[in-house]
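Undergrad: starting from these lines, generate the structure:
(one chain, ligands or ions: 1)
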Amino acid sequence: MSLQAILYTSSPPALQILDQLKLPHESVYVPIRTCEDAYDAIKRMVVRGAPAIAIVAALALAVELGSGGGPSSKDKESAGHARAYVHGQLDYLVQSRPTAVNLADAAGKLKAVVNAEAGSAETVVGRYVEAAEKMLVDDVKDNENIGRFGAEWILGNAKVGEGEVKGRVAVLTHCNTGSLATAGYGTALGIIRSLHSGSNLTHTYCTETRPYNQGSRLTAFELVHDKIPATLITDSMASSLMSLKSIAAVIVGADRVAANGDTANKIGTYQLAIVAKYHGAKFVVAAPTTSIDMKTASGKDIVIEHRPGKEVTNVGTVATAARGINVYNPSFDVTPKDLIDAIATEKGVAVKNAAGDFDLSRFF
Ligand SMILES: CSC[C@H]1O[C@H](OP(=O)(O)O)[C@H](O)[C@@H]1O
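TA: This next block holds a predicted model:
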């Protein structure tokens with residue numbers, strides 16, 4: 001049974017999320033009944049991962065509407081109120097975390113759905129719920145396609161080390177991009193699952209991913225759960241590992257891919273791209289097209305979320321840093337397109353042209 005970050009039933013709409021602050025020691029699901037519940041859970045990273053936060057936000061509003069939130073009468077007058085309520089709640093939810101584009105992308109699409117509904121408040125709500133529920137289903141299918149396309153690309157393009165067998169690769173991944181960051185299967189971890197299921201994976205190395213430890217707490221949890229051969233390393237070990245081991249590819253997720261291919265992802269991704277380039281490993285970004293933001297020209301325009309210093313100075317409730325020290329805690333960094341070999345999406349894999357540019361418009 002695969003791990004599920006999100007549990008949703010449609011009649012009546014009910015939503016629960018796996019409390020990722022408690023993993024890997026406890027698997028506890030918590031109910032999400034309102035948009036405020038969802039905002040708080042996303043902000044505190046009870047649920048995290050670009051696709052997952054978009055889906056949780058969308059479904060939280062579906063649950064709220066389904067339990068009587070917003071106008072519920074049948075008259076046309078209230079349809080306008082229903083549309084305004086949906087817009088307002090989505091605008092509120094989008095503010096929970098700024099860097100990942102998926103939530104804003106989902107909000108834009110859901111607003112378009114309700115704007116196109118000319119009926120009563122009841123039909124506006126019905127269309128909204130239908131569209132939000134479809135996002136949950138589509139995400140898993142998209143991730144399985146990312147996994148397939150990404151695995152095929154790596155097997156066809158990664159270097160074959162001395163004494164190694166073509167079609168058998170060791171890879172490294174950063175942060176958590178699996179079932180705990182999506183509706184299921186995962187993006188970068190989806191590629192790893194696809195390599196593993198095709199017997200093409202010799203080993204996975206996952207980084208701890210300080211300071212929130214998505215790698216040691218979440219990715220390691222998923223890899224052990226799926227019995228995928230894997231080894232945990234600290235973030236600072238990556239360059240030494242790649243100097244000693246033949247790593248065919250570094251595979252990472254994305255929070256926002258700019259129109260030129262520059263990619264914002266978990267802090268530490270940029271330095272992995274530099275090390276991958278130095279050691280001849282392919283650097284692959286795995287992301288659904290809902291993570292591509294064609295309205296943002298390049299990485300310099302991406303807003304980077306900074307999080308509380310306590311996430312760096314403490315491990316849980318235990319302080320590990322000197323009291324009074326200043327803390328720099330950007331949650332993401334931007335990897336320039338020049339260091340990215342491929343962007344694997346559910347619609348195919350983008351690579352740079354002879355001029356060194358990505359053309360991501362072909363996905364839209
Ligand atoms: C498929 S998840 C994408 C992305 O989200 C993670 O960030 P966070 O754990 O802060 O939500 C990480 O950057 C993943 O690569």
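Undergrad: domain map for the protein?
TA: 6-138, 146-363 (the TED database).
Undergrad: is it possible to export those to JSON lines including distance to the ligand?
TA: Just so you know, the C-beta spots here come from the backbone N, C-alpha and C atoms, and that holds for glycine as well. Shown next, in JSON lines, are those (distance: least, CB to the nearest ligand atom, whole Å):
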{"stretch": "domain 6-138", "distance to the ligand": "3"}
{"stretch": "domain 146-363", "distance to the ligand": "3"}
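Undergrad: name all residues that make contact with the closest residue in space to residue 44 that isn't next to it in sequence.
TA: Spatial nearest neighbour of residue 44, chain neighbours left out: residue 21 (7.2 Å); criterion: CB to CB, 6 or more residues apart in numbering. Residue 21 makes contact with 44-46 under the criterion CB atoms under 8 Å, 6 or more residues apart in numbering.
Undergrad: how about residue 29?
TA: 7, 16-19.
Undergrad: can you pull up the bridge partners for it?
TA: When assigned by DSSP bridges, residue 29 has beta-bridge partners residue 18.
Undergrad: which per-residue confidence value corresponds to the nearest residue to residue 131 once chain neighbours are set aside?
TA: Using CB to CB, 6+ apart and skipping the chain neighbours, the partner closest in space to residue 131 is residue 113 (4.4 Å). We have a pLDDT of 97 for residue 113.
Undergrad: quickly find the element holding residue 113.
TA: helix 102-115 (DSSP states H and E).
Undergrad: list the buried ones in the very next helix or strand once past that helix?
TA: Going down the chain from helix 102-115, the next helix or strand is helix 121-157, by DSSP H and E. Within helix 121-157, the residues scored as buried using 16 or more other CB atoms under 10 Å are 121-125, 127-129, 131-133, 135-136, 138-140, 142-155.
Undergrad: could you check the angle helix 102-115 makes with helix 121-157?
TA: 140 degrees (axes from the mean of the first three to the mean of the last three CA atoms, to 10 degrees).
Undergrad: run the chain-centre distance for helix 121-157.
TA: The chain centre lies 12 Å from the centre of helix 121-157; the measure is CA atoms, centre = their mean, to the nearest Å.
Undergrad: after it, next one along is what?
TA: That would be, after helix 121-157 and using DSSP H and E, strand 169-173.
Undergrad: what pairs with that following strand, parallel or antiparallel?
TA: Sheet partners by DSSP bridges: for strand 169-173, these are strand 201-207 (parallel), strand 249-252 (parallel).
Undergrad: between those strands, which one is closest to residue 191.
TA: strand 249-252 (5.3 Å; CB to CB).
Undergrad: got the contact list for the helix or strand following the closest one?
TA: Counting by DSSP H and E, the element after strand 249-252 in chain order, helix or strand, is strand 256-258. Residues outside strand 256-258 that contact it (CB under 8 Å, 6+ apart) are 50, 99-101, 263-264, 285, 287, 291-293, 296-299, 301-302, 343, 360.
Undergrad: returning to that earlier point: name only those of the contacts of residue 21 that count as buried.
TA: 45-46.
Undergrad: and the contacts of residue 21, which is closest to residue 364?
TA: Nearest member of the contacts of residue 21 to residue 364, counting by CB to CB, is residue 45, at 29.8 Å.
Undergrad: contacting residues for that closest one?
TA: 20-21, 212.
Undergrad: residue 38 now?
TA: Residue 38 touches 32, 56-57, 60-61, 93, 96, counting by CB under 8 Å, 6+ apart.
Undergrad: mind running it again at 6 Å?
TA: Contact analysis of residue 38 by CB atoms under 6 Å, 6 or more residues apart in numbering lists 32, 56-57, 60.
Undergrad: what sits closest to residue 144 if chain neighbours are left out?
TA: residue 185 (5.5 Å).
Undergrad: the one you found: which element?
TA: For residue 185, there is no host helix or strand (DSSP H and E).
Undergrad: how many neighbouring residues does it have?
TA: 22 (other CB atoms under 10 Å).
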